[in-house]
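J.: sequence below, structure please.
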Amino acid sequence: MSSAESAEDGPAPMHIDTTKPSTARVYDAALGGKDNYAVDREMLAQLNAAAPEVMQAANENRAFLVRVCRYLANQVGIEQFLDCGSGLPTAENVHQVVQRINPDARVVYIDNDPIVLAHGRALLEENDRTHFAAADIFDPSAVLDNEVVQAHIDFTQPVAFLQLASLHFCADDPAGVMRQYVDALPSGSYVAFSHAFDPENEYHEMAMEAAEVMSSGSAGRTNFRTRAELEPILDGLDVLEPGLVYVADWWPSGPRFGPLLPVQHLIVGALARKP
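T.: Just a heads-up that it's a prediction; the model follows:
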């Protein structure tokens, strides 16, 4: 399927390779989903050996997404969401979170993983304000010019732009990729991202081992970046408190009574506003 062709155009031939772990399916397995194969569960086991309790990190990232979307829909009043690298609909999804608050909120998911596309087509049956398009999320022009995006996202009004657990698969210049998206967003839009993190401390080796395992998946090399490498992604944006932090520390739902698990030091996130 070409980057400009949408899942709404109807079924298209696709090949789902069950001999190689899929990043989306491994994440699904980590979240307790059922859309995965033995090869994906084996990779998850390897990842858990490298970074124990890795499923906790996956769940923290999903919880971060939920908190961000709830805040944007409820407190800010954002009515349109563009989710890049949406993954499989395993747990609470963007449209479920925001449309529970505002039934008129519009959501467009972008992905190009074959199994995600298959599920995306089924997702379209839920309501007429949830849409799915196939595009390479690291090619901003392909996403922004996509006919589904153009039809359902109004770029004259604030947009919530989401890149959660996706930019670490971008090999070159993630800040440049994000800049192209930000340039297209109107003032008052919000940008949320989360990213695999190299804390450059006692957890550095764990990060490198996890990166090695994850890099054998379908998305290719996984880059655990340092704070200095990640901060340019937020250039030109007003970062909301508490800043670029461990996703577990971004406005958690309640008090934490113990220290973070080591694996929770390996993923950070932030929410920022375009002035």
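
J.: ranges for the helices of the stretch 1-150 of the chain?
T.: Using DSSP state H, counting those that start in this stretch, the helices found in the stretch 1-150 of the chain span residues 23-30, 38-50, 54-71, 94-101, 114-123, 140-144, 147-152.

J.: deepest in the core, which of those is it.
T.: Neighbour counts (mean count of other Cβ atoms under 10 Å) averaged over each of these peak at helix 23-30, with a mean of 25. Any C-beta I mention is one placed from the backbone N, CA and C, and that applies to glycine too.

J.: before we move on, back to that, tell me which of the helices of the stretch 1-150 of the chain lies nearest to D235.
T.: Ranking these by proximity to D235 (Cβ to Cβ) places helix 140-144 first, at 15.6 Å.

J.: residues contacting that closest one, please?
T.: If you take Cβ atoms under 8 Å, 6 or more residues apart in numbering as the criterion, helix 140-144 is touched by 3-4, 82, 84, 110, 133, 135-137, 149, 177, 180-181, 184.

J.: let me know the closest of those to R62.
T.: C84 (15.9 Å).

J.: any idea where the strands of the stretch 101-250 of the chain begin and end?
T.: For the stretch 101-250 of the chain, the strands defined by DSSP state E, counting those that start in this stretch cover 106-111, 130-134, 160-164, 190-196, 238-239, 245-246.

J.: make a markdown table out of the ones you listed and add distance to V263 and mean neighbour count.
T.: Shown next, in a markdown table, are these (distance: least, Cβ to Cβ, whole Å; neighbours: other Cβ atoms under 10 Å):
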| stretch | distance to V263 | mean neighbour count |
| --- | --- | --- |
| strand 106-111 | 25 | 26 |
| strand 130-134 | 31 | 25 |
| strand 160-164 | 17 | 25 |
| strand 190-196 | 11 | 24 |
| strand 238-239 | 24 | 12 |
| strand 245-246 | 10 | 18 |
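
J.: quick one: furthest residue from the center of the chain?
T.: In terms of distance from the mean C-alpha position of the chain, F257 ranks first, at 27.7 Å (Cα atoms, centre = their mean).

J.: F64 versus that one, what's the distance?
T.: In this structure, F257 and F64 are 19 Å apart, going by Cβ to Cβ, to the nearest Å.

J.: just F155 next, same as before
T.: Counting by Cβ to Cβ, the gap between F155 and F64 amounts to 25 Å.

J.: wait, doesn't Y71 sit right on L271?
T.: Yes. In this structure, Y71 is within contact of L271 by Cβ atoms under 8 Å, at 7.5 Å.

J.: may I see the buried residues of the helix or strand hosting L271?
T.: Assigned by DSSP states H and E, L271 belongs to strand 267-273. The neighbour-count criterion (16 or more other Cβ atoms under 10 Å) identifies I267, V268, G269, A270, L271, A272 as the buried residues of strand 267-273.

J.: got the angle between it and strand 190-196?
T.: Going by axes from the mean of the first three to the mean of the last three Cα atoms, to 10 degrees, strand 267-273 is angled at 170 degrees with respect to strand 190-196.

J.: strand 267-273 vs helix 54-71, what angle?
T.: Going by the same axes, to 10 degrees, strand 267-273 makes 10 degrees with helix 54-71.

J.: output strand 267-273 as CSV - backbone C-alpha positions only.
T.: Output of strand 267-273 as CSV, limited to C-alpha atoms (Å, rounded to 0.1, in the frame of the first residue of the first chain):
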residue,chain,number,x,y,z
ILE,A,267,11.3,5.7,28.9
VAL,A,268,10.6,9.4,29.1
GLY,A,269,7.9,11.6,27.7
ALA,A,270,6.6,15.2,27.5
LEU,A,271,3.7,17.3,26.5
ALA,A,272,4.3,20.7,24.9
ARG,A,273,2.2,23.5,23.3
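
J.: hmm, who's touching that strand?
T.: So strand 267-273 is contacted by 57, 60-61, 64, 68, 71-72, 164-165, 188-197, 227, 230, 234, 237-240, 243-247, 250 (Cβ under 8 Å, 6+ apart).

J.: what lines up beside that strand in the sheet?
T.: Sheet pairing for strand 267-273, assigned by DSSP bridges, gives strand 190-196 (antiparallel), strand 238-239 (antiparallel), strand 245-246 (antiparallel).
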